[in-house]
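Enquirer: For reference, the sequence and a predicted model appear below.
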Amino acid sequence: ARIAVLISGGGSNLQAILDAAANGSLSHGEVVLVVSSRDSAYGLERARLAGIPTAVIRSRDFASTADFDNALSKVIDDHQADLIVLAGYMSILSEGFVKRYPQRIVNIHPSLIPAFSGEGFYGLRVHEAALSAGVKVSGATVHYVNEVCDGGEILEQQTVRVFPDDSPQDLQQRVLTQVEHVIYPRVIEQLAKEIVGNSHDS
Ligand code: GRF
């Protein structure tokens with residue numbers, strides 16, 4: 001499968017995916033494009049270091065959602081990507097956009113959905129909410145993206161322990177390194193394998 005990764009920030013999940021491709025554990029997909037919603041995203045540097053084409057597409061540069069959707073679709077389709085991976089992508093994709101790619105867009109969210117998910121739960125806020133609720137486990141969820149924010153079918157979840165003295169940053173780091181970077185490349189390999197399999201059948 002041909003994978004487009006959409007980012008907005010540091011890109012540590014992007015790096016985990018690139019590392020999996022480099023070490024052979026992601027063998028049915030290749031990252032062919034990285035799109036960022038911010039021109040200062042460090043993930044863009046990671047992509048360049050790996051020799052992957054990059055694009056910056058910012059919604060505020062477009063007059064309408066439809067124009068933005070078309071620009072994003074164009075770069076994805078120009079690179080013939082058939083799997084769209086959101087990795088710390090901070091824009092919410094429109095219903096019109098997600099309907100163009102049914103079961104071809106996945107996201108990772110740093111909680112056990114449905115806990116601490118949906119609009120307003122992003123970044124450190126997710127972990128602050130988990131700590132406020134006093135949960136003893138948290139984790140991350142990989143899910144398909146549909147028109148409902150964090151509402152698509154759940155593909156994978158894995159837990160971490162929450163410790164009494166955790167700061168939101170501590171929990172964020174534990175979820176990232178122990179769960180996100182482990183499960184995301186694995187789920188992507190599985191989906192890529194299915195996509196490649198289906199295209200051979202047809
Ligand atoms: C991750 O916690 C991810 O779950 C969330 O945004 C963060 C992105 O981190 N959607 P990075 O840019 O991959 O380092």
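Expert: Received it, and whenever you're ready, just let me know what you need.
Enquirer: hey, let's count contacts and neighbours off CA atoms from now on
Expert: Noted.
Enquirer: what's the spacing between Pro168 and the ligand?
Expert: Here the criterion is Cα to the nearest ligand atom, to the nearest Å. By it, Pro168 lies 12 Å from the ligand.
Enquirer: which residues does that residue contact?
Expert: Applying Cα atoms under 8 Å, 6 or more residues apart in numbering to Pro168 gives the contacts 124, 127-128, 131.
Enquirer: and with 6 Å instead?
Expert: Contacts for Pro168 (Cα atoms under 6 Å, 6 or more residues apart in numbering) come out as 127-128.
Enquirer: repeat for Asp150
Expert: Gly118.
Enquirer: Next one, pLDDT for it please.
Expert: pLDDT recorded at Asp150 is 94.
Enquirer: Can you tell me the element it falls in?
Expert: Using DSSP states H and E, Asp150 sits within no helix or strand.
Enquirer: CA atoms of the longest helix seen in the chain as PDB?
Expert: In the chain, assigned by DSSP state H, the helix with the most residues is helix 181-201. Taking Å, rounded to 0.1, in the frame of the first residue of the first chain, the C-alpha atoms of helix 181-201 are listed here in PDB:
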ATOM      1  CA  HIS A 181       5.000   3.700  18.800                       C
ATOM      2  CA  VAL A 182       4.400   0.000  19.200                       C
ATOM      3  CA  ILE A 183       0.800  -0.500  18.100                       C
ATOM      4  CA  TYR A 184       0.600   2.100  15.300                       C
ATOM      5  CA  PRO A 185       3.200   0.600  12.900                       C
ATOM      6  CA  ARG A 186       1.700  -2.900  13.600                       C
ATOM      7  CA  VAL A 187      -1.900  -1.900  12.700                       C
ATOM      8  CA  ILE A 188      -0.600   0.000   9.600                       C
ATOM      9  CA  GLU A 189       1.200  -3.100   8.500                       C
ATOM     10  CA  GLN A 190      -1.900  -5.200   8.900                       C
ATOM     11  CA  LEU A 191      -4.100  -2.700   7.000                       C
ATOM     12  CA  ALA A 192      -1.500  -2.300   4.300                       C
ATOM     13  CA  LYS A 193      -1.300  -6.100   3.900                       C
ATOM     14  CA  GLU A 194      -5.100  -6.200   3.400                       C
ATOM     15  CA  ILE A 195      -5.100  -3.300   0.900                       C
ATOM     16  CA  VAL A 196      -2.300  -5.000  -1.100                       C
ATOM     17  CA  GLY A 197      -4.200  -8.300  -0.900                       C
ATOM     18  CA  ASN A 198      -7.400  -6.800  -2.100                       C
ATOM     19  CA  SER A 199      -5.800  -5.000  -5.100                       C
ATOM     20  CA  HIS A 200      -4.300  -8.300  -6.200                       C
ATOM     21  CA  ASP A 201      -7.800 -10.000  -6.100                       C
END
